[in-house]
Each structure stands twice: as C-alpha cells, then as structure tokens.
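Novice: sequence first, then the predicted structure:
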Protein chains: 2
Amino acid sequence: MTDDAPNPALLPAGLMDLLPPEAEREADLVEALMAAFAGHGYERVKPPLLEFEDSLLAGSGGAVAEQTFRLMDPVSQRMMGLRADTTPQVARIAATRLGQQARPLRLCYAGQVLRVRGTQLAPERQLPQTGIELIGSDAAEADAEVALVAAEALARAGVPSVSLDITLPTMAPTLLEAAGVPPALRQRLARALDRKDSAAATELAEQAGPLAAALPVLLAAAGPADGALAALSAADLPPAARAIADNAAAVIAAIRAREPGLRITLDPVEFRGFRYHVGVAFTLYGPGATGELARGGRYVSANDEPATGMSLYPDAVLRAARPAAPRPRVFLPLGTPPADASALRAQGYATVAALAPGDSPAALRCTHVLRDGAAQALSATPFSKDDV
Amino acid sequence: MTDDAPNPALLPAGLMDLLPPEAEREADLVEALMAAFAGHGYERVKPPLLEFEDSLLAGSGGAVAEQTFRLMDPVSQRMMGLRADTTPQVARIAATRLGQQARPLRLCYAGQVLRVRGTQLAPERQLPQTGIELIGSDAAEADAEVALVAAEALARAGVPSVSLDITLPTMAPTLLEAAGVPPALRQRLARALDRKDSAAATELAEQAGPLAAALPVLLAAAGPADGALAALSAADLPPAARAIADNAAAVIAAIRAREPGLRITLDPVEFRGFRYHVGVAFTLYGPGATGELARGGRYVSANDEPATGMSLYPDAVLRAARPAAPRPRVFLPLGTPPADASALRAQGYATVAALAPGDSPAALRCTHVLRDGAAQALSATPFSKDDV
C-alpha cells in the first residue's frame, strides 16, 4: 500500500464492525428481547430503512429530523430519509396498513437506525433498536404493561435487575402555564429545574407566585416512587397538574400489582429528553453504572390515537448483560463421517472441519477435537481476545 | 386529508413494510439460517450499513457500484455508500481486523442491503441478505462445504429439498482465449452461449477453429452433473480449461461424499451473473418454481486470498419455505394473576392482556381464552389475512 491509499480498515466516525463473538451475542440478545415481546402478544413489523422524508419525519418523527440522513430517490425524484428512529414508522403502519385492525394494537420491531452525527458521549451513528408500541389504549394498565414487558425482556436477555425511572414531562410546563409565569421567568425556572438547582428554583418560584410553589417541592421529592407519590399527593396542584399526578399514581399502582419487587423512582419535574412524550415517560437502567437500556412512555400517535411504548437499545444491553459462555468448537479431522459431525452439532457444538492436512485445532480456536467418535476437550485457552 | 397531502401510506417504489405474521417469519428464518452457519463454525460479523465508498466498492464491491446509494458524510466530507452487498465488507474485515487470525477463516453475516433501482422481475430495493464466507482455503473441500452448509441451512429454515446448480464462469472465456478467437467473433459466440443457441454456437465455433469445438459440446452437456462431468472428461480441452474441469469434478466428488442425495446440475459454459467468480459458482434452487434461494462460489478476496462463499436471500426463502403454524394467542381477562400468564407464555402461548372492560378476545385475534387457570380454544378462525 502506498502512503496515498486510504487505509481500507478505516470506517467513518461512529460506524463500526461488530466482530466475533460480540456480533452473535448482540443478535442473540435482540432475538431474546423479541421473543419476550412476542410472548406478550406484540406482533413484529419490519418497516424499510428508507422512506420518503415527509412521512418519516411526520408526527413524532420530527424530533429526529436534524439527525436524519437524507438522499434523493432516483426513481421518484423525491427526498428520502434513512430512519433515525423506528417509532414513527410503526405509528405510520398502525395508522394506515393496520388502521382497520382492532385496538389496542400491539406491535414490536427490531432493526438498525442511523443518525447524521454522534455525540461525544455516544459517538455511534448506527444503532440497533428494538421496541414495542401499544396503540389505541389510554389506560394506565397499558403504560404499566409496556414498562413491565420491557423489564421482563431485559431479564430474559441477561440483565438481572433493572430499575425503572418515571418522569412526567408535562408536569413542569403544565404548572408554569397554570401559574401564568411570564416567558422570561419561565425560561429561567425551567433552566433551574433542568440543572436540579434547588436553591435557584425556590427563589424563582417565589417570584412566580403561589401556584408555582409546588415546583421546588416536587423537585425535592424526586426519588423512590413511594416518597415522590406522597409529595405529589400532598402538593397544592392546579387541576391539570393534579390529573398528571393521579395518572402517575395509577400507572405505578398497576406496575406494583403485577411486579411488586421492581425498583421504581419518580422525578415529577424532570422533562428533558422526552420531546414527544405526554403522561408518564420511562427509562430503564441496568445494574451499577451500565446506564440507560430502554426508554419510552406515553405519546400521541398518528391520527391522534393514544399510544405508549418502549425502545430498547441492544448495544447498551450487550454491555450490561451477563457474558454468555462461548460456543464450544470441535475440530473434525479430514475424513470425519458426516453423521458424527451432525450428532455433535445436535449437542450444541460448532463443528470446524479440516479442509487440508495442515489445518490445526489450536489455530482454528477449537476447544475440542473429535476422537474415537466423541468430542475431547483441549487444554488450551479456547479463545483469546488478542486473536481478534 | 386534502387532495394535496401525500398519501402517508405511500412508500418509495421497491421499499415495503413487512407486516404480521411475515415479519416474524422472516426473522425466524434468518435466525434458523444463522444457527446452521454457527453450527459449522462460521462466526458472525456485523459490518455497518454505511461506509466510505472507496472501501465499499473496492474489489468484488465494484460489481454493485452502479446499484449503490451514495451520500455525503457531514463529519468527514467524504462520500459514503449504503451497502448493496455484504460480501465485500466481510472480505474487508477478513483482510484487516481479522487479518492475523489463522486461515481458513469462517465468517457469516445477516443484514439488510439496499440498491438504487429494482428490476421489473425483482422490484425490491431493500433485501435481507445472509451468508457465509470461507476465506484462505483453495481446496475443493472448501467449495463443497459452503454449498452443503447453505443447503443444510435452507433445510433447517423449512425448505425441504433444494437442488444445486453449478456453473464454471471462467470456462467459456478460457476456451475462447485459448482458441485465439478474434474479438468480434468471440463476442458473437459468447452471445450464442448466453442465449443457449446451440445451432449458432456450433456454426460460430466452426469458424473459430478446432480449439473452440468444445464449446457447443459443453453447451449441450449442461444438465445432471454425472452426464455433464462425463462430457467434460471426454472433451478435448486445452490445459487451462482442463484444470477448471478437474476442479469442478473434485468439488462435485467432495459434495457427493458428504451428501450423496443432493440433486446437482452442471452447466459448464454458463457464465452470466457471476461477475467476480472464479472456479465453481453455485446457485441453490427451491422445489418447484420457488426460484433462486442462494448463490455464491469461489472468488478472490482482498489481498488475493482464495475464498468461497454463499449468499442466501431470506425473502426468497420465505416464499419457498413451508408456512409456520401461527402462534396461539390467549386472551387474559382483567385481573389475571401474573403467574398464570407467565405459565402460559412458558408453554409457548402469546398472552394478550385485557387493558379495559371492552377488550374482546375475538377482536384481538385470540385463539384461546384463559378460563379456570387454563387456555381454552375459541372456535372462531384465529387470524384472517383480511384483517391486515
């Protein structure tokens, strides 16, 4: 290679190859998540990676418009977008091709999403995304179901204990609106809430009048759900905010009724990151510092249908899940009878056939060799990361 | 909706939504194929959907350059392509990130490919593609392995009997070259072979001299492998063509040794559609008129490594495979104990929970209802295509 030739191994920033064994693990995780969704009656749909930008970016799709790759369709001469989120596509399918199907409609999906730019913390520009959408029900039971199905799916995918963080993205705006806070002050208050700056929020809420007084109280109430619900219940809330609080209590009660052991926190005035959510919004966290594994909540779908759903991020799940045992690999010497090999595969071994006299079990990273009709373990380390 | 608004259900030509139950069936087929590959020691890699066009279209990628969507990377200001074929990406991974791993290297992949334009017969512009690549072996055993693993994978995915069509894409060009046929005549002969026009091929071969005489003989020999091999063996071939014939015989013998029942045809002078193949090229057909399910064969990978592989098309497999039984759906009345529901899911049922008093088993397309702790079948048809 000359110095001028580009390095063929170089990929665009934020795009990467997944190698063995991670690629198989990620795929297995996705199928475990999808099997859990299917178990709860969520039926799989597969929208295309590309569609016309005006349908892709309609409704909730507008939230990711800036992150969407666009390209010209040479057939129609119209602009298409590469999806940055699958939820708007599922909403489109529910409203059009499945518009006549009875509600509530339960759909699930798995696929890749692409985005124009990564961030410093999340540089990836291609991400796997799986999720469920429950369309046509405004019941608190529906929100509880999607949160619980997502938590169960994560458990099946090998994440032993998750915690559910609930926020109410419309609570702070509703309180500020009801209190008639003027725009400039409202902006400062929103920023103080955003920074969780309790002192500033208290001072600004005093300037904003008595109806805003609940804001610093609710900011301080963020934490385990029971305490936060008690604070919400005791707070002096205008009717629109009271309805949001009552709904949150109903959702949490429905979750507790089915899964009393789930750890739930509630942050009533948090509103970041849920640009199209109404009612409750959910984030599921893995154990320790594994971070955000899923997010979702209630939204308004196409044709103003009530809907709720969760998106799960298999790349994050891969980092949080217990590592799977590597598949044992049996080396088959030249001339191994095909029936012996297929018996081993039926037992869960991968068989690695010699193709030439020089092929060696160790070089081919085999853990076993077929001898006398049976798989015999080799003593060497089966697989080293350094090989990759 | 006004007359001016675009129909939100409209997708670009050749791009479509896969709905229930097809989307789940396709995903299940892909995982069945991938499980078969993994059983034979093929390890999964997942290259990104987008990469720089100069690496994507290098080597065998050049064959799909015209079919590749291109877009500008706003980060690097370089052109990227959306892959139209995964094989060149796997070749890149094998040559770079897995360049130090022992050969033969067995890799597999599953994902989506996109192309700029469909054809009248194959209008799809997004296709699922799965496949295996066996890199670093020039043994006939390697070609036999990839053909047999692909056939076995199709069987596991529910395609009961496949037939393998073998072509030798370099045979006709090698004979024409060895015969010293002048370019104009060579082109007419190639066209006659391409059209399987035996009369024209015979007449043109006579004009081309004695070394071209094998061409019409080999054209006539196309058919079941044994007869075609006998014709190849009897033909008067120059050394370079003899080597191709001997290699084909060795590959077929290696296949027969492992799978004597596989139906094999051999067309020695067919060369269409395998733009980067050398040695043997394979096509696997399903039963009846289900068409081409997989194709592949020997090629030269990055860094001039010998390689052989197969690409499988899950959309075609979906059309050829036996339909799977639909998953039974059990309606759970309001207040069903969670343990009862999870017991049903463990038995393979999908559970569909009532969220409100009006939810009905029939409307939600349930086949069963939970009564007295057990799933009881409903008499109505479980699922009608007309619902979709």
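Specialist: Received it, and whenever you're ready, just let me know what you need.

Novice: look at A:Cys366 and give its secondary structure.
Specialist: Three-state call for A:Cys366 (DSSP: H, G, I helix; E, B strand; the rest coil): coil.

Novice: before we move on, what about the one 4 residues further on?
Specialist: Reduced to three states with three-state DSSP, the structure at A:Leu370 is strand.

Novice: show me what contacts it?
Specialist: Under the criterion of CB atoms under 8 Å, 6 or more residues apart in numbering or on different chains, the contact partners of A:Leu370 comprise A:330-333, A:336, A:340-341, A:344, A:351, A:376. Just so you know, the C-beta spots here come from the backbone N, C-alpha and C atoms, and that holds for glycine as well.

Novice: among these, which one has the most neighbours?
Specialist: When neighbours are taken as other CB atoms under 10 Å in any protein chain shown, the top entry among those is A:Val330 (28 neighbours).

Novice: that's a helix at it, yeah?
Specialist: No - counting by three-state DSSP, A:Val330 is located in no helix; its state is strand.

Novice: mind checking pLDDT for it?
Specialist: According to the predicted model, the pLDDT of A:Val330 comes to 97.

Novice: what of the one 3 residues further on?
Specialist: In the predicted model, A:Pro333 carries a pLDDT score of 96.

Novice: so what's it up against?
Specialist: If you count contacts by CB under 8 Å, 6+ apart, A:Pro333 has them with A:354, A:369-370.

Novice: likewise for A:Gly61?
Specialist: Applying CB under 8 Å, 6+ apart, we find A:Gly61 in contact with A:85, A:87-88.

Novice: what ranges do the helices span in the stretch 201-350 of chain A?
Specialist: With helices called from DSSP state H, counting those that start in this stretch, the stretch 201-350 of chain A shows them at A:214-221, A:225-234, A:239-258, A:314-320, A:338-346.

Novice: please work out which residues outside the third one touch it.
Specialist: Here helix A:239-258 makes contact (CB under 8 Å, 6+ apart) with A:140-141, A:143-144, A:147-148, A:164, A:166, A:168, A:170-171, A:174-175, A:177-178, A:214, A:225, A:229, A:232-233, A:235, A:237, A:262, A:264, A:266, A:268, A:279-280, B:338.

Novice: can you list the helices of the stretch 201-350 of chain A in JSON lines and add mean pLDDT and distance to A:Tyr299?
Specialist: Converted to JSON lines, the helices of the stretch 201-350 of chain A look like this (pLDDT from 0 to 100; distance: least, CB to CB, whole Å):
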{"stretch": "helix A:214-221", "mean pLDDT": "92", "distance to A:Tyr299": "22"}
{"stretch": "helix A:225-234", "mean pLDDT": "96", "distance to A:Tyr299": "22"}
{"stretch": "helix A:239-258", "mean pLDDT": "96", "distance to A:Tyr299": "14"}
{"stretch": "helix A:314-320", "mean pLDDT": "93", "distance to A:Tyr299": "21"}
{"stretch": "helix A:338-346", "mean pLDDT": "95", "distance to A:Tyr299": "46"}
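
Novice: that older thread, can you add distance to B:Val317, pLDDT and neighbour count and give the contacts of A:Gly61 back as TSV?
Specialist: TSV is the format used below for those (distance: CB to CB, whole Å; pLDDT from 0 to 100; neighbours: other CB atoms under 10 Å in any protein chain shown):
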residue	distance to B:Val317	pLDDT	neighbour count
A:Asp85	29	94	22
A:Thr87	29	93	26
A:Pro88	29	92	25
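
Novice: from the contacts of helix A:239-258, which land in strands?
Specialist: Secondary structure of the contacts of helix A:239-258 is defined by DSSP state E; positions in strands are A:164, A:166, A:264, A:266, A:279-280.

Novice: got JSON lines for the helices of the stretch 201-350 of chain A, with distance to B:Leu185 too?
Specialist: Listed next are those as JSON lines, based on distance: least, CB to CB, whole Å:
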{"stretch": "helix A:214-221", "distance to B:Leu185": "87"}
{"stretch": "helix A:225-234", "distance to B:Leu185": "84"}
{"stretch": "helix A:239-258", "distance to B:Leu185": "79"}
{"stretch": "helix A:314-320", "distance to B:Leu185": "58"}
{"stretch": "helix A:338-346", "distance to B:Leu185": "47"}
